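> sequence plus predicted model, see below.
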Amino acid sequence: MSKKYLSVAFAYVGVIVGAGLASGQDLLQYFLSFGAVGLIGIAALGVLNVIFGVVALQLGSYYRSGHHDEVFERITHPAVRRVIDVVLVFSGFAMGFVMLAGAGANLEQQFGLPAWAGSAVCAGLVILTAFLDFDRIMKVIGVFTPMIVIAIVVLVVYSLVTPHPSVAELNATATKVTPALPNLWFSAINYFALCVVNGIGMAFVLGGSAGRIGGAIIALVIGGDALALYLNMDRIWDVNVPALEIARMIHPAFAFVYTLIIFALIYNTVFSLFFATARRFSGGSTKRMRIVLMGVVALGYAASLMGFKKLIGGMYPIIGWLGVALLVVLAAGWLRERAGISHEEKLRRKLIRLLVHKHADHLEYTDEHREKARELSRASVADSKQLRRDASKLAKDIADRKPNVSPSDLVTRGAGEG
């Protein structure tokens, strides 16, 4: 498996695995508050994410999108697209101040630092980053995504090999947790929509292999995290950062590392969300962006003082229901374009097979092949010149027998990977 696919896959995982999941608080409220049956809800969530991955991947590939707005521009009315833009901006800001609250809760539980102070530290770092080389900083922070996956695996293994109460006792304890929503299936749909809001921008531009890998990692992380939390329900049901509490049971040093990983993920996510919001209103000016960012961070910090657990239970469902509206738009667009998507997939496969002849020494590339390739590229919904260049590059890779490359990669690849 190439480093390129892994890096993109982990970037997608980093977007989805935010403060709530890394801390375990959202899984506790959304699913485990219903007891063992909540694990079935987790499984349903995994299936829904796979379905979303297929739909987003096909739409992104069909339109060769480099940004989610390009897809919505093609499948919705301009008025609906403006509403979607407002929804995504609000959701990004709301998710950002929930994350800030998570930063405070994380440091408070591990070091005894007041929650407001921990959130202030994270907020200060976000503002400072805007005046530094933030692209380089984000790349460094990106290494924490695979680290959280490894850390959660450790939590799961520990939880499986250590004694725990009976299922009946664990279920009884679970009833003490206030659920984010009154119904498990509403919880599964709402949380799935929450994931969509978080990951929709990247999902449209992922390559096929990277999208599948990222989706599989997310499903495993969510499932493993939920299992570890459930098996330790008697000890973590009333804490702000339940996953950190399990880490402390393993070893103080591991808990210290886990705290730093969560904080790094939160910092990365908060900066990305608030930076996107500030850039949206900066008009392309870096100076104005920094001013707007400071204002956004200040507002977000004030909102974060309501507390992490309270915000998870209050703001996440709101964002989730907004995400359901996005899902309706996506589903309608996919159903409307389904026939065209199928036709486009066949067209691109034919184009790649023709161009393999051009690059393979043992095959002949005739004038008839060349004319047919031009005809196919002109018939595509994508830019014909760009599609042909991408197809030619991929065909050469196939002809050279490079690993992890197949004709399906162009069919399920966004323009961002062309």
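Now that the structure is in, tell me what you want to look at.

> now do the buried residues in stretch 267-283.
For stretch 267-283, burial by neighbour count (16 or more other CB atoms under 10 Å) applies to 267-280, 282. Where C-beta positions appear, they are placed from N, C-alpha and C, glycine not excepted.

> my bad, should have said stretch 180-191
Under the neighbour-count criterion of 16+ other CB under 10 Å, stretch 180-191 has 180-181, 184, 186-191 buried.

> with stretch 239-255 instead?
Buried-residue list, stretch 239-255, by 16+ other CB under 10 Å: 239-248, 250, 254-255.

> let me have the residues you listed in CSV, adding pLDDT and distance to Trp334 as columns.
Shown next, in CSV, are the buried residues of stretch 239-255 (pLDDT from 0 to 100; distance: CB to CB, whole Å):
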residue, pLDDT, distance to Trp334
Val239, 92, 41
Asn240, 90, 39
Val241, 91, 38
Pro242, 93, 36
Ala243, 93, 35
Leu244, 92, 39
Glu245, 94, 41
Ile246, 95, 39
Ala247, 94, 40
Arg248, 94, 45
Ile250, 95, 44
Phe254, 96, 43
Ala255, 95, 44
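
> ok, so of these, who is nearest Pro165?
Taking CB to CB as the measure, Pro165 sits nearest to Ile246 out of the buried residues of stretch 239-255, at 14.5 Å.

> ok, residues contacting the one helix or strand the closest one maps to?
Using DSSP states H and E, Ile246 sits in helix 242-250. The contact list for helix 242-250, computed with CB atoms under 8 Å, 6 or more residues apart in numbering, reads 22-25, 28, 106, 109-110, 151-152, 154-155, 158-159, 225, 228-229, 232, 235-236, 239, 254-255, 258-259, 262.

> which other helices and strands contact the helix or strand harbouring Ile127?
Assessed by DSSP H and E, Ile127 sits inside helix 115-129. Packed against helix 115-129 by the contact rule (3 or more CB pairs under 8 Å, 6 or more residues apart in numbering; DSSP states H and E) you find helix 78-111, helix 252-280, helix 286-304.

> which residues touch Arg374?
With CB under 8 Å, 6+ apart, Arg374 has these contacts: Arg388.

> let's see it at 6 Å
Listed by CB atoms under 6 Å, 6 or more residues apart in numbering, the contact set of Arg374 is empty.

> for it, give its distance to Leu387.
11 Å (CB to CB, to the nearest Å).

> how close does Ala302 get to Ala101?
11 Å.

> who's more crowded, those two?
Set Ala302 next to Ala101 and count neighbours by other CB atoms under 10 Å: Ala101 wins out with 30 against 13.

> my guess is the more buried one contacts Ser304. True?
Yes. Applying CB atoms under 6 Å as the test, Ala101 and Ser304 come out as touching, 4.0 Å apart.

> and the helix holding Ile127 with helix 286-304, angle?
Relative orientation of helix 115-129 versus helix 286-304 (axes from the mean of the first three to the mean of the last three CA atoms, to 10 degrees): 170 degrees.

> could I get the buried residue list for helix 115-129?
Residues 115, 118-123, 125-127, 129 are the ones in helix 115-129 that count as buried (16+ other CB under 10 Å).

> with stretch 71-90 instead?
Neighbour-count burial for stretch 71-90 [16+ other CB under 10 Å]: 71-72, 75-76, 81, 83-84, 87-88.

> distance from the chain centre to it, please.
19 Å (CA atoms, centre = their mean, to the nearest Å).

> what is the rounded mean pLDDT of that stretch?
Stretch 71-90 shows a mean pLDDT of 82.

> can you tell me how far the residue nearest to Ser282 when sequence neighbours are not counted is from Ile250?
Spatial nearest neighbour of Ser282, excluding adjacent residues (CB to CB, 6 or more residues apart in numbering): Met289 at 3.6 Å. Going from Met289 to Ile250 by CB to CB gives 42 Å.

> now do Tyr191
27 Å.
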